[in-house]
Structures are given as structure tokens and as C-alpha cells.
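*Asks:* 3D, please:
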Amino acid sequence: MGRFIGATNESQVFDASNTNRTDCGCFSFINGSTGVIPGWSQATVEMRKGDRKLIIIPSYLAYGMGTSGSIPANTPLLFDIEILNVE
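*Replies:* Residues are numbered from 1 along each chain as shown. Sure, this is the predicted structure:
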């Protein structure tokens, strides 16, 4: 689940598996790849299969001054993530 952290949109959910009709909201990525924001790569690098974390990603490690879909520029993000598999 992803939430905004900020004065104008505090705790507003922008992505959740229970609302996007997926079983788990799962996706695969490679740490350090261009497919994920830098904060995800940093937060998950030492996680193992079965680990679950709440991670706070400052805006400069998310989308910075850019926007992405419903995510405004300069917005810190909060994610509840779980590692289901590691390859």
C-alpha cells in the first residue's frame, strides 16, 4: 500500500492491492534498475523473503520535482511492503 505524507494529502492512499483488483499488488523489480524509484532500491536491498516493512521515502528519493500519475511533485511517500520472493 502506498500513501502520501504531506500537509495537503496526509495518509491519502494512492495505490493498494485491495482497490486495484490484484491479489497482492505484487510486482517484480531488480534493485538499482530504472524500473523503481531510488527509495525502493535503498529500502529493500537488505530485506529477505518474508520481511515486511513500513518505509518512508523522502520526495528526493521518490519522484522529486516531477510527477507520476496521481503523485504530485515534491511529495514524500509511505509504503507498507512485504518481500514475497527473492531470485
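
*Asks:* output the below-cut-off pLDDT ranges for the protein.
*Replies:* 1, 6-12, 14-25 (pLDDT under 70).

*Asks:* please tell me I have it right and L78 contacts I5.
*Replies:* Yes. Applying C-beta atoms under 8 Å, one finds L78 in contact with I5, separated by 5.2 Å. From N, CA and C alone the C-beta is placed, and that goes for glycine too.

*Asks:* show me where the protein has its helices.
*Replies:* 38-44 (DSSP state H).

*Asks:* how close does the closest residue to F29 other than its chain neighbours get to I71?
*Replies:* Once flanking residues are discounted, F29 sits nearest to V36: 4.7 Å by C-beta to C-beta, 6 or more residues apart in numbering. Separation of V36 from I71 (C-beta to C-beta, to the nearest Å): 14 Å.

*Asks:* center of this structure - which residue?
*Replies:* Most central in the chain under C-alpha atoms, centre = their mean is F79, positioned 4.8 Å from the mean C-alpha point.

*Asks:* now do the same contact list for the closest residue to E82 other than its chain neighbours.
*Replies:* Leaving aside its sequence neighbours, E82 sits nearest to R52 (C-beta to C-beta, 6+ apart; 4.2 Å). Listed by C-beta atoms under 8 Å, 6 or more residues apart in numbering, the contact set of R52 reads 80-83.
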